[in-house]
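Visitor: Here's my sequence, what's the structure:
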Amino acid sequence: MIELHTWNTPNGRKISVALEEMGLPYMVVPVNISKDEQFKPDFLKISPNNRIPAIIDPDGPGGAPISVFESGAILLYLGEKTGKFLPTDLRARVPVLEWLMWQMGGFGPMPGQVHHFLQVADPVDQKYGLARYQKETERLYGVLDRRLAVSEYVATAGEPSVADFAILGWAWRHERHRVDLAGFPQVKRWYEALMARPATARGFEVALS
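Guide: Have a look, this model is predicted:
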């Protein structure tokens, strides 16, 4: 059984959704980031950057245990392990990698900054940062909407990929970063379709904290 060391965050939800969709047995090991548990030495051993999530798979390559940190790396590992939601053909795999990197580099860090600046009490300190990152977050939603206008899922037709799970983790917080999906109809269609999948729903329902 895979150990999922995580907390109830977008990056944590990426992995619970993927594990449910892939049908892998797992147990949640909460890491309370509000109490700085991510800085404890035991967690540092499996996540040297002190960030959730991380996993420990007792049945890793060759049957030996392995730990994996960084949500994108975890998704790729799980896709390789199961042969699900990650094409083996290189041409088909490239867009999955592109959109996964797009999420990791932008559609996560940018709305995350919106979350941060919304909590800044001083309106003078808040103004520039919130305006900057809100604009970039909305731009990224536009990029995603245009992509989904020509593709059922972000990288593949017919079924989602690990890239969809990665992006969904952050789209799940669209209200928190002040984005109305009505303004992005293709994202809304995609979001509702994924959330209607029973395994994805279980991935959001499981207690992570």
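Visitor: Strands of this structure, start to end?
Guide: With strands called from DSSP state E, the chain shows them at 2-6, 26-30, 54-57, 66-69.
Visitor: what pLDDT, on average, does the first one get?
Guide: In this model, strand 2-6 has an average pLDDT of 98.
Visitor: related to what we said a few turns ago, which one of the strands of the chain lies closest to Ala163?
Guide: With CB to CB as the criterion, Ala163 lies closest to strand 66-69 of those, at 17.3 Å. Just so you know, the C-beta spots here come from the backbone N, C-alpha and C atoms, and that holds for glycine as well.
Visitor: low pLDDT regions in this protein?
Guide: For the chain, not a single residue meets the criterion pLDDT under 70.
Visitor: Let me see the domain layout of it.
Guide: In terms of domains, the chain is parsed into 2-85, 90-197 (source: automatic domain parsing).
Visitor: To Ala207, which of those lies closest?
Guide: Among these, the nearest to Ala207 by CB to CB is domain 2-85 (6.8 Å).
Visitor: What about Glu205, how many residues nearby?
Guide: If you count neighbours by other CB atoms under 10 Å, Glu205 ends up with 9.
Visitor: For Leu208, which of the domains of the chain is the nearest?
Guide: Ranking the domains of the chain by proximity to Leu208 (CB to CB) places domain 2-85 first, at 4.3 Å.
Visitor: Mind putting the domains of the chain into a markdown table with distance to Ala207?
Guide: Formatted as a markdown table, the domains of the chain follow (distance: least, CB to CB, whole Å):
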| stretch | distance to Ala207 |
| --- | --- |
| domain 2-85 | 7 |
| domain 90-197 | 16 |
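Visitor: Please convert these to TSV, extending it with mean neighbour count and distance to Val206.
Guide: Listed next are the domains of the chain as TSV, based on neighbours: other CB atoms under 10 Å; distance: least, CB to CB, whole Å:
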stretch	mean neighbour count	distance to Val206
domain 2-85	18	5
domain 90-197	17	13
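Visitor: how about these, which one is nearest Glu205?
Guide: Glu205 lies closest to domain 2-85 among those, at 8.9 Å (CB to CB).
Visitor: Longest helix in the chain, by number of residues?
Guide: In the chain, with assignment by DSSP state H, the single longest helix is helix 123-148.
Visitor: Which strands and helices lie in contact with it?
Guide: Helix 123-148 makes packing contacts with helix 109-118, helix 185-195 when contacts are defined by 3 or more CB pairs under 8 Å, 6 or more residues apart in numbering; DSSP states H and E.
Visitor: Quick one: closest of these to Tyr26.
Guide: Nearest of those (CB to CB): helix 185-195, 19.7 Å.
Visitor: quick one: the closest one to helix 123-148, angle?
Guide: Using axes from the mean of the first three to the mean of the last three CA atoms, to 10 degrees, one finds that helix 185-195 and helix 123-148 are set 80 degrees apart in direction.
Visitor: now what about helix 185-195, what contacts it?
Guide: Residues outside helix 185-195 that contact it (CB atoms under 8 Å, 6 or more residues apart in numbering): 141, 144-149, 152-154, 160, 164, 168, 171, 174, 181-182, 200-201, 204.
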